[in-house]
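In: Dropping a prediction and its sequence here:
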Amino acid sequence: MFVTYRGSLFGLLRWQWRGLLFFGGAAALVVLADRVLGWHWFELGTLPLAVMGGAIGIFVSFRTNSGYDRWWEGRRLWGQLVNTSRHFCTQVLAFVDRDRPGANEHATALVRGHIAYVHVLRCALRGQSPWDDHDVACWLTADEIETLRGQTSPNHALLHRQAETLVHLNNSGALDHYRLQLLDRSIALLLDVQGGCERIKKTPFPPGYGFVAERLIQAYGVLLPMGLVDTLGWVAVPVAVLLCMGFTLISEVGRVLEDPFTMFWPALPLAALATTIELNLRQRLGETDVGPLPQVDARGILM
């Protein structure tokens with residue numbers, strides 16, 4: 001995620017060089033035909049172009065707003081994950097009677113298992129293999145990884161194992177029924193967060209919407225210089241490029257925000273959030289040398 005934008009106009013244009021060439025070429029051909037070849041039959045008035053431009057602006061803005069809503073919902077879900085993770089850790093370490101035989105080991109395993117859960121969720125949302133991830137390997141044994149490898153939802157399997165451990169602590173007398181219910185609510189909240197993230201990830205924005213927006217902008221890029229050439233001449237080329245690239249960039253911002261869990265620069269900093277949860281929980285376990293919190297890199301990006 002960009003925290004401080006340090007890009008350049010050249011980098012922005014290089015990102016959208018195809019649109020730049022298309023709009024510039026279309027405008028140049030129109031002006032060339034009008035001023036050099038003397039063809040004036042295609043000149044348009046500005047009124048229909050103004051109406052069309054306003055409609056396209058509303059259309060692409062809706063896509064951008066919808067993409068941002070998905071991005072912001074993903075950020076809220078991960079904010080809830082951070083809070084619930086901290087609360088779950090505090091509940092486990094405070095509620096479990098760790099003086100009973102084996103209870104302290106189970107409580108520690110619950111916290112460590114939750115750290116693994118967060119890293120596995122991060123990998124799943126980013127389409128990465130959790131079994132090749134270094135952070136996952138730090139918190140799960142080889143046997144545990146092999147067991148989870150065949151699961152359709154490894155995160156659900158991890159929470160299921162957490163619930164079984166809590167029930168075992170309850171049966172052994174290290175955890176009373178009321179506190180078990182409170183911990184069960186925390187696990188339910190974790191499942192809600194996971195389900196919300198999976199809903200965003202597995203429900204793409206309707207692709208037809210992006211297709212229509214792209215074609216409308218291209219059509220506008222061809223028609224706009226026809227309305228500007230009579231009054232602006234060759235100046236119509238940069239003006240048309242600027243206006244059409246504005247529509248294109250607004251539409252592209254919506255496209256890149258549709259999936260907030262990618263590794264592209266506008267995506268959410270899942271690695272930083274997961275590492276923050278890990279460091280917080282390790283300190284609750286009594287560790288002191290946990291390292292610094294994730295920092296923004298030289299490009300102003302936090303991933």
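Out: In hand now; what should we look at? Remember, it's a predicted structure, so these values are computed and weren't measured experimentally.
In: remind me which residues of the stretch 51-200 of the chain are low pLDDT?
Out: Along the stretch 51-200 of the chain, the model assigns pLDDT under 70 to no residue.
In: Please enumerate the helices of it.
Out: In the stretch 51-200 of the chain, helices defined by DSSP state H, counting those that start in this stretch lie at 103-125, 134-139, 142-149, 154-171, 177-202, listed in chain order.
In: List the contacts of the fourth one.
Out: It refers to helix 154-171. Outside of helix 154-171, the residues within contact range by Cβ atoms under 8 Å, 6 or more residues apart in numbering are 96, 103, 106-107, 109-110, 113-114, 116-117, 120-121, 124, 130, 147-148, 151, 175-177, 180, 183-184, 187, 190-191, 194. (Each C-beta comes from the backbone N, C-alpha and C, glycine too.)
In: helix/strand/coil for A267?
Out: When classified by DSSP: H, G, I helix; E, B strand; the rest coil, A267 comes out as coil.
In: Once you drop chain neighbours, what's closest to it?
Out: Once flanking residues are discounted, A267 sits nearest to P260: 5.6 Å by Cβ to Cβ, 6 or more residues apart in numbering.
In: If you tally nearby residues, what's the number for the one you found?
Out: 26 (other Cβ atoms under 10 Å).
In: distance between the ends of stretch 164-182?
Out: End-to-end distance of stretch 164-182 (Cα to Cα, to the nearest Å): 15 Å.
In: now that stretch, how far from the centre of its chain.
Out: 36 Å (Cα atoms, centre = their mean, to the nearest Å).
In: Tell me the buried residues in it?
Out: Residues of stretch 164-182 classed as buried by neighbour count (16 or more other Cβ atoms under 10 Å): T165, L166, L169, N170, A174, L175, R179, L180.
In: any idea which of those residues is closest to R75?
Out: L166 (29.2 Å; Cβ to Cβ).
In: Counting neighbours, what do you get for A33?
Out: When neighbours are counted by other Cβ under 10 Å, A33 registers 17.
In: One more: G67?
Out: 23.
In: Show the buried residues in the contacts of helix 154-171.
Out: Buried among the contacts of helix 154-171 by 16+ other Cβ under 10 Å: 96, 103, 106-107, 110, 113-114, 116-117, 120-121, 124, 130, 148, 175, 180, 183, 187, 190, 194.
In: coming back round to it: now, the most widely separated pair of the buried residues of stretch 164-182?
Out: T165 and R179 (13.7 Å).
In: Give me the distance between E73 and L224.
Out: Distance, E73 to L224, using Cβ to Cβ, to the nearest Å: 35 Å.
In: Which of those two has more residues huddled nearby?
Out: Set E73 next to L224 and count neighbours by other Cβ under 10 Å: L224 wins out with 25 against 15.
In: Against E252, how distant is that one?
Out: Noted for L224: a distance of 19 Å to E252, by Cβ to Cβ.
In: Adding distance to P238, write the helices of the stretch 51-200 of the chain out as a markdown table.
Out: Output for those, formatted as a markdown table (distance: least, Cβ to Cβ, whole Å):
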| stretch | distance to P238 |
| --- | --- |
| helix 103-125 | 42 |
| helix 134-139 | 49 |
| helix 142-149 | 56 |
| helix 154-171 | 51 |
| helix 177-202 | 39 |
